[in-house]
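[1] Show me how the following folds:
(2 chains)
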Amino acid sequence: MVTRLYRQGLSSRIFDSVILFVLTIASLLTLYPLIYVVVLSLSTANIPNPYLYLWPVKPQLENYQVVLQFPVFWRAYLNTVLYSVSGAGLCVLVTMLTAYALSIETLPFRRIILFLIVFTMLFSGGLIPYYLQIRNLGLVNNPLVMILPGALSGFNVIIALTFLRTNIPRELREAARIDGAGDWAILWRIVFPLSKPIVAVLALFSGVAIWNSYFSALIFLSDRDLFPVALVLREIVVGVSMIESLPAEVKTQTSIAGVRTATLVLSVLPLLVIYPFLQKYFAKGVMLGAIKG
Amino acid sequence: MATISNVMPQPRARSRSSRLWRDLKAHVTPLIMLLPAIVLLVLFNYIPMGGVVLAFKKYNVTAGIWGSPWVGLDNFNKFFDSIYAGRIISNTIILNLLGIAVGFGVTVTFALLLNEVAHEGFKRAVQTISYFPYFVSVVVMVGIVRMLVSPELMTGIFNQLRVNLFGLEPINFLAEPEYFRPIYILMGVWQGTGFGAIIYLAALAGVDVEQYEAAIIDGANRLQLIWNVTIPALVPTMVILLLLSISGLLRSGLESILLLYNPVTYVTADVIETFVYRRGIAGDGGMRPDYGFSTAVGLFQSAVGLLLIVTTNWLAKRTTEHSLW
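    Numbers count the residues shown, from 1 in each chain, chains lettered A, B, ... in the order given. Predicted coordinates:
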């Protein structure tokens, strides 16, 4: 960093220390809600006037045992994984196909199609017409409703398109064409291998978005077997869940708060685990999106 | 008899339709590749857009969308005449403006601070921590928030502080309309700052080293460096992001508000989207969904949103050289 040049002076050093201090506090504050939840989930219930929760009070795992006993939870987890993985896959497929096709400058109607895609980012029919349309398509209470509508997003297409334009030189494609390759071959053998970063970004963003969303499930799914974790969580969070109406004998060391937080932690856990591996793709991806701006 | 015109191939007719046909034939594969996108667009975006006509009708279940009778601007009048219109529109705008202002300030400050850190390891650690909240689901977030602010002293840290440090009575923060906005904004800051900062940091990484050197030679101290070199370098990015935010002024964090609000806090918490949801799908306290009415409100939101983005983009073009298109 350039300010290396400037590090000698005392005022500069003070400046540095202040910044370090502020950022450390900020990071701790950012982490605190998560620490809070984890600690609570490991604590024993009903201790009067505890402070701040930085370490579990009488650590125990019963809260987790209770949650993990519930078949609703397992089913929801399976659903969420299925929705996210298939949704991400579909999104990547559709987006890359579309972006590749639109990157061909001589494509007839190219501008119109691009405009139509971008326009959906600016204006929409609104919730009700969308809801009615899903009903008309028979997608209500159908797992496909979780992955189909979101597969094509204008934003995704744009960043994919930008990526292709800047990273896959036309000469490469033309050389392949001269060698007799058709578009499918070009897409498969040239574009996809070179597009690993953007594919990772698309998969990550769409997968995470589906994992975390609950609204579509809320308005379209009535069959509890189809519920994603987020929806089950919602019930817990808003206080209408049956997980909380536990028989009294179970509630020795546990408490409603404990069970709640255990559920919350369990739903964040996969993200926590995957996050370190994926976060480098993530940073790259946002920057790719930023370049468009 | 062989003549030139017999031996040489005739030039094709250069009419527009045959050229178009040729283009189409040459691009069959890409056009096929576009089919999924087009189907999806039509099914999930453009047909619903057509459904907007519902805003001008009174929906009759048996008649369906097309059979229902026209009522012109009735739904809109009903909306704007009601007490709700003023409330939800102002809530939406206030929440968004506040969110933009606070979010913007915090994010830019954070990016600037982070940019000044020399130690790469520390910088990366802070960054990684900062955008983790973005991946946490809204439901989990609200779950945590609800516990943190609960009146139960067991879990409600804020109330613990109130009682133990200040000797006050615990309050149920989520049941007090005046606390809704701070809670919502803070949640937004927690989730969005790290993520937003990435873009600024990327822009900052591209700043010309020579500018810094020149300023240092001119005797600038650290703060002056930031003010005169770093921040101006961010202006283009800031403008674009600001534009994008303003264009979304009428939208809102539907998912998070839906989980955070309750009838007591509708006064400050109810926004256009939650209103549409309640009136159109969920049924507002036993009322039957009124599709025409809700569609009208939704159309209002979309139309104004479109107007906003076009206007702000035009404004940006006029005043600075940066704009969205």
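[2] Just give the closest residue to B:Thr237, not the sequence neighbours.
    B:Ala203 (4.4 Å; CB to CB, 6 or more residues apart in numbering or on different chains). For every residue, glycine as well, the C-beta is placed using N, CA and C.
[3] tell me the secondary structure for that neighbour?
    What DSSP: H, G, I helix; E, B strand; the rest coil gives for B:Ala203 is helix.
[4] For A:Ile35, give me the pLDDT.
    A:Ile35 carries a pLDDT value of 87.
[5] and it, what element?
    helix A:10-41 (DSSP states H and E).
[6] what do you get for B:Val207?
    Per DSSP H and E: B:Val207 is located in neither a helix nor a strand.
[7] so who does it touch?
    B:Val229, B:Thr230, B:Ala233 (CB atoms under 8 Å, 6 or more residues apart in numbering or on different chains).
[8] just the buried members of those?
    B:Val229, B:Thr230, B:Ala233 (16 or more other CB atoms under 10 Å in any protein chain shown).
[9] Return the member of those nearest to chain A.
    B:Val229 (8.9 Å; CB to the nearest CB).
[10] In contact with that closest one: list those residues for me.
    Here B:Val229 is in contact with B:Val207, B:Gln211, B:Tyr212, B:Ala215, B:Ala220 (CB under 8 Å, 6+ apart).
[11] how about the residues of the stretch 201-325 of chain B near chain A?
    Proximity of the stretch 201-325 of chain B to chain A (CB under 8 Å from any CB of the partner chain) is limited to residues B:202-203, B:209, B:212-213, B:216, B:221-223, B:225, B:237, B:240-241, B:244, B:247, B:254-255, B:258-259, B:273, B:276-277, B:280-281, B:291, B:294-295, B:298-299, B:301-303, B:305-306, B:309.
[12] Give me the neighbour count for B:Thr128.
    Neighbour count of B:Thr128, defined by other CB atoms under 10 Å in any protein chain shown: 17.
[13] ok, back up a step: which of the residues of the stretch 201-325 of chain B next to chain A count as buried?
    For these, buried by 16+ other CB under 10 Å: B:202-203, B:212, B:216, B:222, B:225, B:237, B:240-241, B:247, B:254-255, B:258-259, B:273, B:276-277, B:280-281, B:291, B:294-295, B:298-299, B:301-302, B:305-306, B:309.
[14] So which of those residues belong to helices?
    Here DSSP state H is the test, and those give B:202-203, B:212, B:216, B:222, B:225, B:237, B:240-241, B:247, B:254-255, B:258-259, B:273, B:276-277, B:291, B:294-295, B:298-299, B:301-302, B:305-306, B:309 as lying in helices.
[15] any idea of the pLDDT on residue 195?
    Because you didn't say which chain, this covers chain A. Here the pLDDT value assigned to A:Ser195 is 87.
[16] You answered for a different chain; I wanted chain B.
    80.
[17] related to what we said a few turns ago, please tabulate the contacts of B:Val207 in JSON lines and include secondary structure as additional columns.
    Formatted as JSON lines, the contacts of B:Val207 follow (three-state DSSP):
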{"residue": "B:Val229", "secondary structure": "helix"}
{"residue": "B:Thr230", "secondary structure": "helix"}
{"residue": "B:Ala233", "secondary structure": "helix"}
